[in-house]
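Novice: pasting the structure only:
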């Protein structure tokens, strides 16, 4: 008897429906075909043990399992459950009338219990696209999939429950979720606030501009000046994610298998902070069978690179193209995957190896030329892609000991939200442009028209600082954001002047 059961395979951050065809015929062998990897091939032993533990029989006949389409590689142990259900249906131990409208995925333990899988959210989305009626998943993944509307999500704890669902009409518990309510419930206070940062008003202003326009930023200052502290509070002034952004980010975290168990949605903007020993593949994604890297896990959030010059130069250089295109394409001999990577880069660094160059109270102990060599660890093309270069100075004792309350993150975020609303209305008809940092050159020229005074100022700055064409665009984008924060329809000379001052590392005298 031939039976078809439907499963799903993950390719990048999207899913593809897989048909698991099971045939039971005369003979004694077990065949598993359709380009399975080692984990899928090992399913025979897990399925045999799970069936026996649940009081079911593994047919003493020839079993052929084909996973179609056969040219797509099948990875992981999540195919255990559809293979087991297919064997039971093909051997007349399970009613197969409703199998054609259901997607089934899950990993079996030897005792028949179901283990969590990765990629449940994209699987559910694809099942809706292909108009399936329901999807059966391990209970720990059901809440995640229930965010998707238009399909019935059933959670199962073991193989016995799934068998009774089809044979005895003992329906599995249907998991229902209100996406908006789940989103609002998950978005809670992060526990840190901008008001905890003493002094540093000029740096806070720069970070407010960065948050309002989605700009990349680098902080340069001595140890203990508060660079990491500011970075960890950056997310508190960013606008909350929209439902669309939350779903996109959740898909990536689901595929990577890092979505916390029982959590349905990534509601907070991600904050990823890899160590400086990170490899190329870990940062941008890769491997023999590509997985998302840190830049994709930071999608719609912040990628914090602390002590930027300590990262391997080759690692930093691979970020250049994803920072421009906001997606990364990983190519292998047999397949290519594309992961979204629209992140805000937040970097920090000391001004020199000892950390005290230009310090007001301590002398720099670095030998001559060390400052330039230290800065040269970061390439010019990468610095060009960072919009705001901000110098952080040590906080004075008077500011540290001041007990008067500073401005809270909520107040700053309100101003950021107003600026983002202006940008949202401006880019209503633009594809994949949501903030000023995402503007292309053609769009930039139309929304950042300069008067004669501003044009002369920018020309002078470019000649004195020897700025590139990319830096020119970055200055205009930052100036447009400053104008949006001031609710100004046009970019004025004062906005441009403030934007130019945030190109500290482009000054020829910076390392002197």
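Specialist: Nice, thanks for sending it over. Quantities reported herein were computed from a predicted structural model and do not represent experimental measurements.
Novice: Quick one: find the helix or strand in the chain with the lowest mean pLDDT.
Specialist: Of the helices and strands making up the chain, the lowest-confidence element is helix 179-186, at a mean of 64, by mean pLDDT, DSSP states H and E.
Novice: C-terminal to that one, what's the next element?
Specialist: Later in the chain than helix 179-186, the nearest helix or strand by DSSP states H and E is helix 201-213.
Novice: Please name every helix or strand in contact with the next helix-or-strand element following that following helix.
Specialist: Along the chain past helix 201-213, the next helix or strand (assigned with DSSP H and E) turns out to be strand 217-220. Here strand 217-220 is seen to pack against helix 201-213, helix 227-232, strand 344-349, strand 388-391 when contacts are counted using 3 or more CB pairs under 8 Å, 6 or more residues apart in numbering; DSSP states H and E. Yep, even glycine has a C-beta here, placed from its N, CA and C like the rest.
Novice: ok, and for stretch 77-92, which residues are buried?
Specialist: 77-91 (16 or more other CB atoms under 10 Å).
Novice: Give me the average confidence score over it.
Specialist: The average of the pLDDT scores along stretch 77-92 is 95.
Novice: Then stretch 448-460?
Specialist: For stretch 448-460, the mean confidence score works out to 90.
Novice: For that stretch, buried residues please.
Specialist: Buried residues in stretch 448-460, counting neighbours by 16+ other CB under 10 Å, are found at 448, 450, 454, 457-458.
Novice: do stretch 272-281 as well
Specialist: For stretch 272-281, burial by neighbour count (16+ other CB under 10 Å) applies to 272, 274, 278, 280-281.
Novice: Apart from its chain neighbours, what residue comes closest to residue 406?
Specialist: The spatially closest residue to residue 406, leaving aside those adjacent along the chain, is residue 195, at 4.4 Å (CB to CB, 6 or more residues apart in numbering).
Novice: Mind checking which of the buried residues of stretch 448-460 are in helices?
Specialist: Counting by DSSP state H, these place 454, 457-458 in helices.
Novice: Serialize these to CSV and add fields for distance to residue 338.
Specialist: Output for those, formatted as CSV (distance: CB to CB, whole Å):
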residue, distance to residue 338
454, 39
457, 40
458, 36
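Novice: ok, so of those residues, who is nearest residue 335?
Specialist: Minimum distance to residue 335 across those is 45.7 Å, recorded for residue 458 (CB to CB).
Novice: give the contact list for the closest one.
Specialist: By CB atoms under 8 Å, 6 or more residues apart in numbering, the residues touching residue 458 are 450, 472, 475, 496, 500.
Novice: redo that, cut-off 7 Å
Specialist: 450, 475, 496 (CB atoms under 7 Å, 6 or more residues apart in numbering).
Novice: Quickly name whichever of those residues is closest to residue 215.
Specialist: If you rank those by distance to residue 215 using CB to CB, residue 475 comes first, at 10.9 Å.
Novice: Please report how far the closest one lies from residue 49.
Specialist: Computed with CB to CB, to the nearest Å, the distance linking residue 475 and residue 49 is 65 Å.
Novice: Would you mind telling me which of these two has the busier surroundings?
Specialist: Between residue 475 and residue 49, counted using other CB atoms under 10 Å, residue 475 has the larger neighbour count: 23 against 16.
Novice: The more buried one and residue 502 touch, don't they?
Specialist: No - at 8.2 Å, residue 475 and residue 502 do not qualify as touching, with contact defined as CB atoms under 7 Å.
Novice: care to break the protein down by domain?
Specialist: When the chain is parsed into structural domains using automatic domain parsing, the resulting residue ranges are 2-177, 194-506.
Novice: Any idea how far the longest one is from the middle of the chain?
Specialist: Distance, stretch centre to chain centre, for domain 194-506: 15 Å (CA atoms, centre = their mean, to the nearest Å).
Novice: name the element residue 46 belongs to?
Specialist: Counting by DSSP H and E, the secondary-structure element that holds residue 46 is helix 43-53.
Novice: And the average pLDDT for that helix is what?
Specialist: What helix 43-53 shows for mean pLDDT is 94.
Novice: Which other helices and strands does it contact?
Specialist: Of the remaining helices and strands, those touching helix 43-53 by 3 or more CB pairs under 7 Å, 6 or more residues apart in numbering; DSSP states H and E are helix 80-90, strand 107-108.
Novice: Mind listing what's buried along it?
Specialist: 43-44, 46-51, 53.
Novice: list the buried ones in whichever helix or strand comes after it?
Specialist: Toward the C-terminal end, the helix or strand that comes next after helix 43-53 (DSSP H and E) is strand 62-68. The neighbour-count check on strand 62-68 (16+ other CB under 10 Å) flags 63-67 as buried.
Novice: May I see those residues arranged in TSV, with distance to residue 135 as well?
Specialist: Putting the buried residues of strand 62-68 into TSV (distance: CB to CB, whole Å) gives the following:
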residue	distance to residue 135
63	25
64	25
65	20
66	21
67	18
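Novice: coming back round to it: so which of the helices and strands packed on strand 217-220 gets nearest residue 191?
Specialist: That would be helix 227-232 among the helices and strands packed on strand 217-220, by CB to CB, at 10.0 Å.
Novice: thought residue 76 was touching residue 39?
Specialist: Yes - counting by CB under 7 Å, a contact exists between residue 76 and residue 39, whose distance comes to 5.3 Å.
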